[in-house]
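*Asks:* Mind looking at a prediction? Sequence and model below.
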Amino acid sequence: MTAHVVAGADGSPSSQAAVEWAADDAFRRRLPLRIVYVVERGPYDIPRFTNPEWPSIVAAHGREVLAEAERTARRRQPSVEVSTELLEGALVRLLCDQANAATEIVLGSRGRGGFAGALLGSVSTHVAGHAHGPVVVVRPGGETDREVVVGVDDDPYCEPALAYAFEQARLRGGALRALHAWQLPVHAFAPEIIYDMDEIRLSQLKVVRDRIGAWQEKFPEVTVLEDVQSAHPVDALVDASARAALVVVGSHGRGTLGSMMLGSVSRGVLHHAHCPVAVVRS
């Protein structure tokens, strides 16, 4: 893996937001930025039904999109080294290959044009479910705060997400909100079962402190806000996203089909958060 940031471009507003976010993060990390456009031949590769000049037309459009994306990145961060690349092949596979070879890949929440008219919402979900590196999904709109939110659980799968979140908080000079949401099991609402809620809250707080302790030692300059809530994890993270610059979630990386590899929490946050979301698979 070479140290660089990748952004997917297709000319949509979400794509422009992704390029701007990627340029900012490349500047923070002092890394070069590579912007890619993918031409999928599948939808128009049947000569009987298509204009034989269509592939070259689409490729020319891709080069125009890349040129505009490059201008956007250079206006945003003039000191960042920017390169572009036109790729041809299977969209998700190529984006995953780009992600696996980079520090991170940044995609818009929805796309058009070079992504064969598909919603990048579905594409970004599949990339986040298959890529080994961090996948950041960006929606149009400015960031409201420098605070980074990370979902914390008692499962080791969240360790890569914690590493990414602490690094993002350090780079931004903002606070890190370590959010752990928990719910009582269904049988807990039976009247004959008595729970000590204070004891439960303390045990859940211990989950957070045990998980982030080593990372606090590694990043002493990062202010950590411990946030333990009795709520569904997706609801808690989506609510926190309304006041954050970035939400970071981990994923088990289990399963075999597309977005199922994300897990229900990461998938729910990816679709409903109000700010950019980084999915970091274990």
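*Replies:* Perfect, I can see it now.
*Asks:* Just the strands from this protein, written as ranges.
*Replies:* Counting by DSSP state E, residue ranges of the strands within the chain are 5-8, 33-39, 82-88, 104-108, 135-138, 148-151, 176-182, 224-230, 246-251, 277-281.
*Asks:* For the second one, which outside residues touch it?
*Replies:* Among residues not part of strand 33-39, those counted as contacts by CB atoms under 8 Å, 6 or more residues apart in numbering are 4-10, 19, 22-23, 26, 55, 58-59, 62-63, 65-66, 69-70, 73, 77, 80-89, 91, 94-95, 98, 102, 114-115. C-betas here are computed from N, CA, C, even on glycine.
*Asks:* Please apply the same query to stretch 218-233.
*Replies:* Taking CB under 8 Å, 6+ apart as the rule, stretch 218-233 contacts 147, 151, 153, 166-167, 169-170, 174-184, 201, 204-205, 208-209, 212, 216, 236, 240, 265.
*Asks:* And it, end to end?
*Replies:* Start and end residues of stretch 218-233 are separated by 26 Å (CA to CA, to the nearest Å).
*Asks:* What are the buried residues along it?
*Replies:* For stretch 218-233, the neighbour count (16 or more other CB atoms under 10 Å) marks 219, 222, 224, 227-229, 233 as buried.
*Asks:* How much space separates Ile35 from Asp235?
*Replies:* 35 Å (CB to CB, to the nearest Å).
*Asks:* The two: which has the busier surroundings?
*Replies:* Ile35 (27 against 15; other CB atoms under 10 Å).
*Asks:* Tell me what that one is bridged to.
*Replies:* On the basis of DSSP bridges, Ile35 is bridged to Ala7, Thr84.
*Asks:* swap in Glu226?
*Replies:* With DSSP bridges as the rule, Glu226 is bridged to Ala178.
*Asks:* could you check the distance from it over to Pro233?
*Replies:* For Glu226, the distance to Pro233 equals 16 Å [CB to CB].
*Asks:* Walk me through the domains of this structure.
*Replies:* 5-138, 148-281 (automatic domain parsing).
*Asks:* low-scoring stretches of the stretch 51-200 of the chain, by residue?
*Replies:* Within the stretch 51-200 of the chain, the stretches with pLDDT under 70 are 51-54, 111-121, 142-144, 183-200.
*Asks:* do that again at 80, thanks
*Replies:* 51-55, 110-122, 140-145, 154-157, 182-200 (pLDDT under 80).
*Asks:* Run a quick neighbour tally on Ala59.
*Replies:* 16.
*Asks:* Look up the pLDDT of the nearest residue to it once chain neighbours are set aside for me, please.
*Replies:* In this structure, Ala59 finds its nearest non-sequential neighbour in Val39, 5.7 Å apart by CB to CB, 6 or more residues apart in numbering. Looking at Val39, its pLDDT is 88.
*Asks:* Mind listing the residues bridging to Val39?
*Replies:* Beta-bridge partners, per DSSP bridges, of Val39: Glu88.
*Asks:* What count of nearby residues applies to it?
*Replies:* Val39, neighbours per other CB under 10 Å, totals 21.
*Asks:* What's the separation between it and Glu221?
*Replies:* Remark: distance between Val39 and Glu221 (CB to CB) = 44 Å.
*Asks:* Ok, Ser12 next?
*Replies:* Taking CB to CB, one finds Ser12 at 37 Å from Glu221.
*Asks:* and the nearest residue to Ser79 once chain neighbours are set aside, what is it in contact with?
*Replies:* Distance criterion CB to CB, 6+ apart; nearest residue to Ser79, sequence neighbours excluded, is Phe27 at 6.7 Å. Counting by CB under 8 Å, 6+ apart, Phe27 makes contact with 77, 79-80.
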